[in-house]
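Colleague: Build me a model:
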Amino acid sequence: EGRRGLEVGRDGDRITLRMRGRDRGGDRLVRLGVPAGVEVRVEGEDVDIEASQLASPLRVRVLEGDIRIEGAAGTVEVRTVDGDVDIADVEGRVDASTVEGWVRLARVRGSAYAQTMDGDLILDDVDGEQISATTVDGDVTFDGPLSRGTAVDLVTHDGDVFVTVPREASADVEVSTFDGEFVPSFPVEVGRIQAGQPLRFRLGRGGARLGVQVFDGDIQLRHRSGR
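Modeller: Sure thing, here's the model as predicted:
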C-alpha cells in the first residue's frame, strides 16, 4: 500500500490511476474511496478486486483475478477470464461473467445476467425484470420471488439446474432436458407431452416467465421451505 509506483492523472472530470512496476514483496494493495455518483472503472491483467458500499456505477475488466462486491447502488458490470465472481446486495442492474470460475449473485434488485464457461452459477434472492444464467460445464441454482413481469432463463449444457420458488409463485414455466430428468417436489399439471418438446405448465395464475434448458443433466423444482 502506498503511492510509490502509483500514477495519478486528470483530464477534465476524469481521474485515472495506474500502477507501475512491482514491489519487492510481489503483491500490492491499493485502497480507493470515491464520492457517490462517480463512475468507477477498473482494468488489469492479474489483480483481485474488492468493492463495498458503492453508490455509483462500477465496471471491472480483468484477465486473471477474483472479483468481490458487497453493497452497490447502480449498474455493476464485471468481466474476468480466470477468476470467481461474488456479488451481493445490489440495487441496480448486474452483468457478471467469467470463463474459468463460478459466479454468485445474492440479494440483487434489478435485472441480472450471469455467465461462465466452466463453473457453477448461483443466483440467490434475485429479483428483476430480466434474469439470465448460462453456463456450459456447471450447475445452475436459482432462488427468487418470480415477481409479476419477471423473465428468467436458466441454461446449462453439462450440469443440473436447481430452482426454488415461493409457494405462492405465479409463472408460466417451460423446461427441457435432452439427457436427464425433470424432478418437481410438488405436483404440476403439464399439457400434452410430445417427444423432443419442452414441458410447459403454469404455476398459479402466471404473470412471470421461467425457462430452463439442460442438455445433459436434471432439473429440480422445489418450494422455499419456511418462506
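Colleague: Can you classify the most centrally placed residue in the chain as helix, strand or coil?
Modeller: In the chain, the centroid-proximal residue (Cα atoms, centre = their mean) is residue 114; its distance is 3.6 Å. Judged by DSSP: H, G, I helix; E, B strand; the rest coil, the three-state class of residue 114 is strand.
Colleague: Just the pLDDT for residue 218.
Modeller: pLDDT for residue 218: 96.
Colleague: where in this structure is pLDDT low?
Modeller: The chain contains residues with pLDDT under 70 at 1-32, 35, 191-196, 226-227.
Colleague: can we see that at 50?
Modeller: 1-2, 24-25, 227 (pLDDT under 50).
Colleague: So residue 176 is in contact with residue 213, correct?
Modeller: Yes: between residue 176 and residue 213 there is a contact under Cβ atoms under 8 Å: 5.4 Å. Using the backbone N, CA and C atoms, a C-beta is placed for each residue, glycine as well.
Colleague: Just grab the bridge partners of residue 73 for me.
Modeller: For residue 73, the beta-bridge partners are residue 91 (DSSP bridges).
Colleague: Show the contacting residues for it.
Modeller: For residue 73, the contact set (Cβ atoms under 8 Å, 6 or more residues apart in numbering) comprises 54-56, 90-92.
Colleague: hmm, try it at 7 Å
Modeller: Residue 73 is in contact with 54-55, 91-92, counting by Cβ atoms under 7 Å, 6 or more residues apart in numbering.
Colleague: Put the alpha carbons of stretch 47-66 into PDB.
Modeller: In PDB, the C-alpha atoms belonging to stretch 47-66 read as follows (Å, rounded to 0.1, in the frame of the first residue of the first chain):
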ATOM      1  CA  VAL A  47      -5.500  -8.400 -10.000                       C
ATOM      2  CA  ASP A  48      -8.200  -9.200  -7.400                       C
ATOM      3  CA  ILE A  49     -10.900  -6.600  -6.900                       C
ATOM      4  CA  GLU A  50     -12.900  -5.900  -3.800                       C
ATOM      5  CA  ALA A  51     -15.600  -3.200  -3.600                       C
ATOM      6  CA  SER A  52     -18.100  -2.300  -0.900                       C
ATOM      7  CA  GLN A  53     -20.900   0.200  -0.300                       C
ATOM      8  CA  LEU A  54     -20.600   1.900  -3.700                       C
ATOM      9  CA  ALA A  55     -23.200   4.500  -4.600                       C
ATOM     10  CA  SER A  56     -22.200   4.700  -8.200                       C
ATOM     11  CA  PRO A  57     -21.800   2.600 -11.300                       C
ATOM     12  CA  LEU A  58     -18.900   0.100 -11.400                       C
ATOM     13  CA  ARG A  59     -17.300  -1.600 -14.400                       C
ATOM     14  CA  VAL A  60     -14.400  -4.100 -14.000                       C
ATOM     15  CA  ARG A  61     -12.300  -5.800 -16.700                       C
ATOM     16  CA  VAL A  62      -9.500  -8.200 -15.600                       C
ATOM     17  CA  LEU A  63      -7.800 -11.100 -17.300                       C
ATOM     18  CA  GLU A  64      -7.000 -13.000 -14.100                       C
ATOM     19  CA  GLY A  65      -8.300 -12.400 -10.700                       C
ATOM     20  CA  ASP A  66     -11.300 -12.800  -8.400                       C
END
